[in-house]
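Trainee: Need coordinates for the below:
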Amino acid sequence: MEEQAAIFARARRQASGFPDYPGSPPLNLDDSYAIQSAATALWPDPVAGWKVGRILPELAQSLGEKRFIGPIFATQIGTARKDTPFPAIEGGFAAFEAELIITVASDCPPEKFDWTIEQALEVAGAMHIGVEIAGSPLASINDLGSFATIAAYGNNNGLIVGAEIVGWRDRPLDSIGCTTRIGSSVVGTAAASVIPGSPLGAFAFALGQAARLGLPLRKGMQISTGALTGVHTVTIGQSCNADFGADGHITCTVVAAQPTG
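Mentor: Predicted coordinates:
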């Protein structure tokens with residue numbers, strides 16, 4: 001596990017992709033999160049947020065678990081601007097995902113592992129439109145299933161935070177939605193109601209799972225609640241747009257990720 005974690009961390013620092021999983025992929029949630037935790041400990045930046053993803057339906061049924069989380073590091077969270085760079089690791093995997101982001105309003109208890117939506121609402125702050133920079137040096141990650149995805153930093157390579165959705169608590173989910181374009185092509189349209197259990201349900205899951213990992217959520221952390229319109233694979237040079245209508249839009253250009261530290 002430590003060796004796999006080191007390979008993921010090193011390739012991520014070097015912004016250098018590789019084709020196949022290093023060794024034998026994990027076969028259960030415990031091992032997947034153990035590798036993720038080891039890889040997280042090797043990264044120099046603090047965790048400043050979490051992405052929430054969906055476990056593949058056929059696996060979710062047998063596990064009794066529908067979601068997973070992956071760490072988002074402080075230096076990889078940015079604010080949307082006119083044309084926001086979207087870094088992709090050459091030789092790896094990259095996908096553009098329109099998201100709704102909920103800010104954590106207060107520090108959360110480390111011993112609380114189960115949260116209702118009502119309890120989660122009490123520690124939920126602002127909601128923003130956003131884009132998850134889904135990505136990994138592991139080129140085949142999207143074909144290997146949920147366990148490999150969890151292990152490899154949850155297939156996250158950053159987060160772009162856009163405009164605040166004012167009054168989100170009082171709005172029906174169907175009134176918040178997004179159309180995603182890659183180049184000139186519409187690749188997905190959906191309302192927030194498509195997120196299983198709602199964005200708040202995803203937020204509640206992140207609250208509990210992060211605590212289980214020994215990293216309870218802290219005030220100011222950003223929680224990316226799930227891909228609204230799908231996982232849209234992108235390549236360097238492409239233009240991408242997440243249009244949330246009256247709530248704003250985010251336009252990105254995919255650029256080559258640069259080595260760090």
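Trainee: Verify the stated contact: Glu2 with Ala38.
Mentor: Yes - in this structure Glu2 lies within contact range of Ala38 using C-beta atoms under 8 Å: 5.6 Å. The C-beta positions use only the backbone N, C-alpha and C, and glycine is treated the same way.
Trainee: These two: which is more packed in?
Mentor: Ala38 (18 against 12; other C-beta atoms under 10 Å).
Trainee: excluding its backbone neighbours, what's nearest the more buried one?
Mentor: Closest residue to Ala38 apart from its sequence neighbours, by C-beta to C-beta, 6 or more residues apart in numbering: Ala5 at 3.6 Å.
Trainee: Could you check how far that neighbour is from Cys108?
Mentor: Distance, Ala5 to Cys108, by C-beta to C-beta, to the nearest Å: 26 Å.
Trainee: so what's the residue nearest the centre of the chain up against?
Mentor: Among the residues of the chain, Lys51 comes closest to the average C-alpha position under C-alpha atoms, centre = their mean, at 3.0 Å. Each residue near Lys51 by C-beta atoms under 8 Å, 6 or more residues apart in numbering is listed here: Ile69, Gly70, Ile72, Glu99, Glu132, Ala134, Gly154, Asn156, Leu159, Ile223, Ser224.
Trainee: The fourth one: how many residues sit nearby?
Mentor: By other C-beta under 10 Å, 31 other residues sit near Glu99.
Trainee: That one against His128, yeah?
Mentor: No - using C-beta under 8 Å, Glu99 is not in contact with His128, being 9.0 Å away.
Trainee: wait, is Glu118 part of a strand?
Mentor: No - assessed with DSSP: H, G, I helix; E, B strand; the rest coil, Glu118 is helix; it does not lie in a strand.
Trainee: doesn't Trp43 make contact with the residue nearest to Ala38?
Mentor: No - the pair Ala5 / Trp43 is not scored as a contact, 9.8 Å apart, by C-beta under 8 Å.
Trainee: What are the contacting residues of the worst-scoring helix or strand of the chain on mean pLDDT?
Mentor: Least confident helix or strand, the chain: helix 57-63 with a mean of 92, by mean pLDDT, DSSP states H and E. Residues outside helix 57-63 that contact it (C-beta under 8 Å, 6+ apart) are Leu29, Arg54, Ile55, Lys66, Gly145, Ser146.
Trainee: can you do 7 Å?
Mentor: Applying C-beta atoms under 7 Å, 6 or more residues apart in numbering, the contact partners of helix 57-63 are Leu29, Ile55, Lys66, Gly145, Ser146.
Trainee: top of the residues you listed by neighbour count?
Mentor: Neighbour max across the contacts of helix 57-63 (other C-beta under 10 Å) = Ser146, 23 neighbours.
Trainee: That one: what's it in contact with?
Mentor: Contact analysis of Ser146 by C-beta under 7 Å, 6+ apart lists Ile55, Leu56, Leu59, Phe68.
Trainee: Of the residues you listed, keep whichever come out buried.
Mentor: Buried members of the contacts of Ser146, scored by 16 or more other C-beta atoms under 10 Å, are Ile55, Phe68.
Trainee: Among the contacts of Ser146, which one sits closest to Gly167?
Mentor: Phe68 (30.2 Å; C-beta to C-beta).
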